[in-house]
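> I'd like to go over a predicted model; first the sequence, then the structure.
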Amino acid sequence: MENVRKLVANLAKKLYSGEITFDEFLMGAPDNDEDEDISELIDLIEHEPKRGGFMGISPEKHDLYMAEIKKLIEKLSE
């Protein structure tokens, strides 16, 4: 289970560093409904709102949203 958690964390890091696409992230991330942290991270990434502009959330709210994602990535990396 620990290896799966680290795998998902590494995929998320690669996604946000631009090394892989969103589709590659989804294809590489296992469907692990048993691990709430993995499920939550995937859900947050899938539903990440647009930052600013038309139909987007404020930059401040987006920063808070991204902080939650980063917190989960770090937790899964442990």
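Now that the structure is in, tell me what you want to look at. Numbering: from 1, shown residues only.

> model confidence for the most centrally placed residue in the chain, exactly?
A centroid search over the chain (C-alpha atoms, centre = their mean) returns residue 45, at 4.0 Å, as the residue closest to the centre. Looking at residue 45, its pLDDT stands at 97.

> what residues of stretch 28-39 count as buried?
Neighbour-count burial for stretch 28-39, counted by 16 or more other C-beta atoms under 10 Å, picks out 29, 32, 35, 37, 38. For every residue, glycine as well, the C-beta is placed using N, CA and C.

> from the residues you listed, which one has the minimum pLDDT?
Within the buried residues of stretch 28-39, residue 32 has the lowest pLDDT, namely 67.

> is it fair to say the residue nearest to the centre of the chain lies in a strand?
No. Counting by DSSP: H, G, I helix; E, B strand; the rest coil, residue 45 is not part of a strand but helix.

> right, and it touches residue 13 too?
No. With contact defined as C-beta atoms under 8 Å, residue 45 does not count as touching residue 13 (11.5 Å).

> pLDDT score for the residue of the chain positioned farthest from its centre?
Distance from the C-alpha centroid of the chain, by C-alpha atoms, centre = their mean, peaks at residue 54 (23.0 Å). pLDDT for residue 54: 89.

> what's the answer for residue 1, then?
We have a pLDDT of 65 for residue 1.

> do residue 40 as well
The model's pLDDT for residue 40 equals 96.

> ok, for it, nearest residue in space, not its chain neighbours?
Sequence neighbours aside, residue 72 is the residue nearest to residue 40 in space, at 6.2 Å (criterion: C-beta to C-beta, 6 or more residues apart in numbering).
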